[in-house]
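*Asks:* coordinates only, no sequence provided:
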């Protein structure tokens, strides 16, 4: 298969379009006890955090920290899984050629 400038540009535009769509997606992670949730977008930026009011007490600091890590980890996993499903090997090859 030829890999000329026109094909490269077309593939790049297609890959960029898919990346924009992925960035629009939202992924929510919830702590195991359900008292904290973190929502990230496809660019893995935190866009929302929920903390149950019962945890807003200095005595629960370590629990809140643990719950935030758990919820963020779950949201990141969901985002990574979606990225793996959405981006093709061809997209990765194109991006690697451009990044050189």
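*Replies:* Received the coordinates, thanks. Because the structure is predicted, anything quoted here is derived from the model rather than measured. Numbers count the residues shown, from 1 in each chain.

*Asks:* could you use CA atoms for every contact and neighbour count after this?
*Replies:* Noted.

*Asks:* against which helices or strands is the longest helix along the chain packed?
*Replies:* Using DSSP state H to define each element, the chain has its longest helix at helix 61-86. Packed against helix 61-86 by the contact rule (3 or more C-alpha pairs under 8 Å, 6 or more residues apart in numbering; DSSP states H and E) you find helix 5-24, strand 26-30, strand 36-41.

*Asks:* can you put those in JSON lines and add mean pLDDT?
*Replies:* Shown next, in JSON lines, are the helices and strands packed on helix 61-86 (pLDDT from 0 to 100):
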{"stretch": "helix 5-24", "mean pLDDT": "81"}
{"stretch": "strand 26-30", "mean pLDDT": "94"}
{"stretch": "strand 36-41", "mean pLDDT": "94"}
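
*Asks:* to residue 57, which of these lies closest?
*Replies:* Comparing those by their distance to residue 57 (C-alpha to C-alpha), the top pick is strand 36-41, with 13.9 Å.

*Asks:* neighbouring strands of the closest one in the sheet, and parallel or not?
*Replies:* Sheet pairing here is set by DSSP bridges, and for strand 36-41 it gives strand 26-30 (antiparallel), strand 46-51 (antiparallel).

*Asks:* thanks again, I'm all set now.
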